[in-house]
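> Structural data only, the sequence is not supplied:
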């Protein structure tokens, strides 16, 4: 059974640009959540989508957005990139929303903003 | 709000040594508690969990007991191996908060021969 797949794995952008990251959950999983991992702040929750609806959102500015498609695949977008957005962005999937906390994580997309 | 505090790393142990990584939490109500592990270059994997007070989660020789009286969920292993070298994250989730895990800062474990 294929795991959570994130693309691209690595990318470099410059300040002011925007970026879109993609996540394909495990087959049959309907919930996708996103986390930002940085050395200074650790792992922080961005948002969760279930059945194409945002269920919960973390404390990030509006430049961070996401969506989920009918096949449960999800994308997150960061606009007007800042140096501080450099991070590992992790996607996680689960069967349903929030009931157990048992998340299956992808390997992440490492974003570097220059 | 919710928070998780882990002991600072890195923790360096010799193979077959006993491991303890401390974790305490702050939360209202009755959260579920987790340990996740991140091996180099990989995403996080669930190691073990406990959903109510006095529950003991266990997996791959690792154990942690949900102690409500001390708000703790310390991770232990009797004999570590080089392959256990990784970053360990303590986390909690409150019922009804979707998949919003609150993580500790992580503790890096390095096991040497």
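Received it, and whenever you're ready, just let me know what you need. If you're wondering where the values come from, they're calculated on a predicted model, not measured in any experiment. Numbers count the residues shown, from 1 in each chain, chains lettered A, B, ... in the order given.

> So in chain A, where's the weakest helix or strand by average pLDDT?
strand A:53-57 (a mean of 90; mean pLDDT, DSSP states H and E).

> following that strand, which helix or strand comes up?
strand A:64-68 (DSSP states H and E).

> Which secondary structure elements does that following strand sit against?
On a contact count with 3 or more Cβ pairs under 8 Å, 6 or more residues apart in numbering or on different chains; DSSP states H and E, strand A:64-68 meets strand A:42-50, strand A:74-78. C-beta: built from backbone N, CA, C; applies to glycine.

> Can you tell me which of those has the worst average pLDDT?
Across the helices and strands packed on strand A:64-68, strand A:42-50 has the smallest mean pLDDT, namely a mean of 93.

> okay, the helices and strands packed on strand A:64-68, which one's buried deepest?
With neighbours taken as mean count of other Cβ atoms under 10 Å in any protein chain shown, the helices and strands packed on strand A:64-68 reach their highest mean count in strand A:42-50, at a mean of 22.

> Tell me which of the helices and strands packed on strand A:64-68 sits nearest to chain B.
Checking those against chain B by Cβ to the nearest Cβ gives strand A:42-50 as the closest, at 4.0 Å.

> Give the pairing partners of that closest one; include direction for each.
strand A:31-38 (antiparallel), strand A:53-57 (antiparallel) (DSSP bridges).

> tell me the contacts of the closest residue to residue B:72 other than its chain neighbours?
Excluding the flanking residues, the one nearest residue B:72 by Cβ to Cβ, 6 or more residues apart in numbering or on different chains is residue B:24, at 5.0 Å. Counting by Cβ atoms under 8 Å, 6 or more residues apart in numbering or on different chains, residue B:24 touches B:4, B:5, B:70, B:71, B:72, B:73.

> try 7 Å this time
B:5, B:71, B:72 (Cβ atoms under 7 Å, 6 or more residues apart in numbering or on different chains).

> which regions of chain B lie under the pLDDT threshold?
The model of chain B has pLDDT under 70 over residues B:95-99.

> Equivalent analysis for chain A, please.
Residues of chain A that meet the cut-off, pLDDT under 70, sit at A:1, A:97-99.

> Out of the strands paired with strand A:42-50, which is the most enclosed?
strand A:31-38 (a mean of 24).

> now it and strand A:74-78, what's the angle there?
40 degrees (axes from the mean of the first three to the mean of the last three Cα atoms, to 10 degrees).

> quick check: angle from strand A:31-38 to strand A:64-68?
Using the same axes, to 10 degrees: strand A:31-38 against strand A:64-68 is 150 degrees.

> distance between strand A:31-38 and the chain's centre?
Relative to the chain's own centre, strand A:31-38 is displaced by 4 Å; criterion: Cα atoms, centre = their mean, to the nearest Å.

> Touching it from outside, list them.
A:23, A:25, A:43-50, A:66, A:68, A:72, A:74, A:76, A:87-94, A:96-97, A:103, B:99.
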